[in-house]
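Below are the sequence and a predicted model for it; my questions follow.
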Amino acid sequence: EACVLPVALGSMLNATGATQVYLLSSKAKCEELDKAGTEHVCLDENNLVPGLTKDRVKDALLKHGRPDAKPGWYFQQFLKLGVAL
C-alpha cells in the first residue's frame with residue numbers, strides 16, 4: 001500500500017506557506033515517514049506525554065468497565081491535550 005502522506009504534506013506546505021509540519025505517530029511510522037523526504041518533524045507519540053500509551057489507555061478503559069470503547073481514539077485525545085499543556 002502506497003503512502004499518500006508525502007504528497008499530502010507537500011500540498012499542505014504549498015497551500016499554507018508553512019515551512020514545517022509536526023506529525024505525531026508511532027516510532028515505526030516515524031522512521032518510515034522520515035525516509036519519504038518531506039519537510040516534517042515526526043514525534044514518537046509514546047514519548048510525548050510521560051506515562052501515556054495506547055496500552056495504558058486501553059487498560060484504564062477496561063478497568064472502568066468500558067471494554068467496547070475505542071482506546072486509540074481516547075489515546076489521541078489525551079495526547080493532543082497533553083501536548084497542548
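Everything's here; your move. Numbers count the residues shown, from 1 in each chain.

quick one: average pLDDT of the top helix by length along the chain?
The residue-count maximum for a helix in the chain (DSSP state H) belongs to helix 71-84. For helix 71-84, mean pLDDT is 91.

mind saving the C-alpha coords of it as CSV?
Written as CSV, here are the backbone C-alpha positions of helix 71-84 (Å, rounded to 0.1, in the frame of the first residue of the first chain):
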residue,chain,number,x,y,z
PRO,A,71,-8.6,3.1,23.1
GLY,A,72,-6.9,4.6,20.0
TRP,A,73,-9.4,7.5,19.9
TYR,A,74,-9.1,8.2,23.6
PHE,A,75,-5.3,8.0,23.3
GLN,A,76,-5.3,10.6,20.6
GLN,A,77,-7.5,12.9,22.6
PHE,A,78,-5.3,12.6,25.7
LEU,A,79,-2.2,13.0,23.5
LYS,A,80,-3.4,16.3,22.0
LEU,A,81,-4.4,17.6,25.4
GLY,A,82,-1.0,16.6,26.9
VAL,A,83,1.0,18.2,24.1
ALA,A,84,-1.1,21.4,24.3
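
which other helices and strands contact it?
helix 54-63 (3 or more C-beta pairs under 8 Å, 6 or more residues apart in numbering; DSSP states H and E). Where you see a C-beta, it was placed from the backbone N, CA and C, and this is true even at glycine.

which other residues reach the helix it packs on?
Asn46, Pro67, Ala69, Pro71, Gly72, Tyr74, Phe75, Phe78 (C-beta atoms under 8 Å, 6 or more residues apart in numbering).

Max pairwise distance over those residues: which two?
Spanning the widest gap among these are Asn46 and Pro67, at 22.4 Å by C-beta to C-beta.

Pick out whichever of these two has more residues nearby.
More neighbours surround Asn46 than the other of Asn46 and Pro67, with 17 against 8 (other C-beta atoms under 10 Å).

Work out the gap between the worst-scoring helix or strand of the chain on mean pLDDT and the centre of the chain.
Least confident helix or strand, the chain: helix 27-34 with a mean of 82, by mean pLDDT, DSSP states H and E. How far helix 27-34 lies from its chain's middle: 11 Å, per C-alpha atoms, centre = their mean, to the nearest Å.
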